[in-house]
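Q: fold the following.
(3 chains)
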Amino acid sequence: MIYRGYEIREENNKVYVDNVKDFDPVHIFESGQCFRWKKEQDGSFTGIAMDRVVNVRKDGNAIIIDNATVDDFIRIWFDYFDLGIDYSAIKEILSKDDIMRRAISFGEGIRLLKQDLWEVVISFIISANNNIPRITKIINAISAMFGKQMNYKGKVYYTFPEIDALANAEVDKIAECRAGYRCSYIVKTAHAISNGEFDLTRLKNLGTGDAKKELLKLPGVGPKVADCILLFSGTKFDVFPVDVWVARVMKELYFGYEPGKAKIMDMVQKKFGSLAGYAQQYLFYYARENKIGGM
DNA sequence: TTGCAGGGGTCAA
DNA sequence: TTGACCCCTGCA
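A: Predicted coordinates:
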């Protein structure tokens, strides 16, 4: 059948999607936006998302999603993989900038995943002052402790915990997943969301600035984490999270000196405007893979 | 083996 | 604007 321009078919609990442009699993899953996709020996990726576990692999211009139905694809994975967006058009616009063109040629198959907002909030609170291997470890531990068990190909996986599961958790119990001083942020944030004091669903109806201001009220959420939450949940695309990698790439490639956040934001708004979030992903991937800044 | 610096920030003073 | 913060890794 054809669904929104893609030819899809289901076979043996796998969904085949033909003619997918701008989709490289390595660029997508290793660009710092997600923490629960793991590369397998054969180059495919197995991930836990939206209360499911699936395996994704690319075969020529097709993508194959294992452990999924056509119904799942239409309800979940089409949006999750942002397949309704024409990345070629975005790349063409951004490529007017010479530096961006280089970054894009390096990470040409990047896509912004539309991840579950609640999961992204907690994941990026954990990400603060932390590195990816440890963030991954903490999220896996918290899921094993408070999530639901799933089995896939003889292995055990756990869904990301429900809001109430973390809201009702003892800080001491969460501390067992080694999140350190972030544990109290996790519980407090889960509480605020669980008891309705903070309404996650409202964010998408606000302007980007107001949505960010709201998120900053959550304990453990500062400017960088707020930007990440908005971008990686597919809520806002004109944000530009500045972490040390992006700061380095801006210094090395654009300014030649340490610009400071205000200067970066000013330039980014002028150069990339509503596409700032996409630009950030290409630059981040480029910086980290090429170790720009000498780290 | 032990010790220390530094990480994909946030908070409080 | 600055230091403390929890844990982990890499490296003397």
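
Q: burial of A:Ile229, as a residue count?
A: 28 (other CB atoms under 10 Å). From N, CA and C alone the C-beta is placed, and that goes for glycine too.

Q: that one contacts A:Pro223, doesn't it?
A: No: judged on CB atoms under 8 Å, A:Ile229 makes no contact with A:Pro223 at a distance of 10.9 Å.

Q: in the helix or strand bottoming out on mean pLDDT in chain A, what counts as buried?
A: Every helix and strand of chain A was ranked by mean pLDDT, DSSP states H and E. The lowest is helix A:244-249, at a mean of 86. Going by neighbour count (16 or more other CB atoms under 10 Å), the buried part of helix A:244-249 is A:245-249.

Q: mind listing the helices for the stretch 51-200 of chain A?
A: All helices of the stretch 51-200 of chain A, identified by DSSP state H, counting those that start in this stretch, fall at A:70-72, A:78-80, A:87-94, A:98-106, A:117-127, A:132-146, A:163-167, A:171-175, A:182-194.

Q: I'd like to know which of those is closest to DNA strand C.
A: Closest approach to DNA strand C among the helices of the stretch 51-200 of chain A (CB to the nearest atom of the strand): helix A:132-146, 4.8 Å.

Q: just the CA trace of that closest one, in PDB.
A: The C-alpha trace of helix A:132-146 is given here as PDB (Å, rounded to 0.1, in the frame of the first residue of the first chain):
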ATOM      1  CA  ILE A 132      26.600   9.700  26.800                       C
ATOM      2  CA  PRO A 133      27.800   6.300  28.100                       C
ATOM      3  CA  ARG A 134      26.800   7.200  31.600                       C
ATOM      4  CA  ILE A 135      23.500   8.800  30.600                       C
ATOM      5  CA  THR A 136      22.600   5.600  28.700                       C
ATOM      6  CA  LYS A 137      23.500   3.500  31.700                       C
ATOM      7  CA  ILE A 138      21.300   5.500  34.000                       C
ATOM      8  CA  ILE A 139      18.300   5.500  31.700                       C
ATOM      9  CA  ASN A 140      18.600   1.800  31.200                       C
ATOM     10  CA  ALA A 141      18.800   1.200  34.900                       C
ATOM     11  CA  ILE A 142      15.900   3.500  35.700                       C
ATOM     12  CA  SER A 143      13.800   1.600  33.000                       C
ATOM     13  CA  ALA A 144      14.800  -1.800  34.400                       C
ATOM     14  CA  MET A 145      13.700  -0.600  37.800                       C
ATOM     15  CA  PHE A 146      10.500   1.200  37.000                       C
END
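
Q: does any part of it sit near DNA strand C?
A: Yes: Helix A:132-146 reaches DNA strand C (CB under 7 Å from any atom of the strand) through A:133-134, A:137.

Q: which parts of that helix are buried?
A: Result for helix A:132-146 [16+ other CB under 10 Å]: buried residues A:135-136, A:138-143, A:145-146.

Q: from the contact counts, what lies against the least confident helix or strand of chain A?
A: helix A:276-289 (3 or more CB pairs under 8 Å, 6 or more residues apart in numbering; DSSP states H and E).

Q: let me see the mean pLDDT of the helix it packs on.
A: In this model, helix A:276-289 has an average pLDDT of 91.

Q: just stretch A:103-110 next, same as before
A: Rounded mean pLDDT across stretch A:103-110 is 94.

Q: and the residue of the stretch 1-150 of chain A at minimum distance from DNA strand B, what element?
A: With CB to the nearest atom of the strand, the shortest gap between the stretch 1-150 of chain A and DNA strand B falls at A:Gly32, namely 1.7 Å. Per DSSP states H and E: A:Gly32 is located in neither a helix nor a strand.

Q: can you give me every residue that contacts it?
A: By CB atoms under 8 Å, 6 or more residues apart in numbering, the contact list for A:Gly32 reads A:132, A:284-285, A:288.

Q: what's the pLDDT at the closest residue to DNA strand C within chain A?
A: The nearest approach of chain A to DNA strand C comes at A:Gly180, 2.4 Å away (CB to the nearest atom of the strand). For A:Gly180, the model assigns a pLDDT of 95.

Q: distance of A:Ala128 from A:Ala141?
A: Separation of A:Ala128 from A:Ala141 (CB to CB, to the nearest Å): 17 Å.

Q: typo on my end, it should be A:Arg102
A: Relative to A:Ala141, and taking CB to CB, A:Arg102 is found at 38 Å.

Q: my understanding was that A:Gly107 contacts A:Gln281; is that so?
A: Yes: in this structure A:Gly107 lies within contact range of A:Gln281 using CB under 8 Å: 7.4 Å.

Q: all good on my end, thank you.
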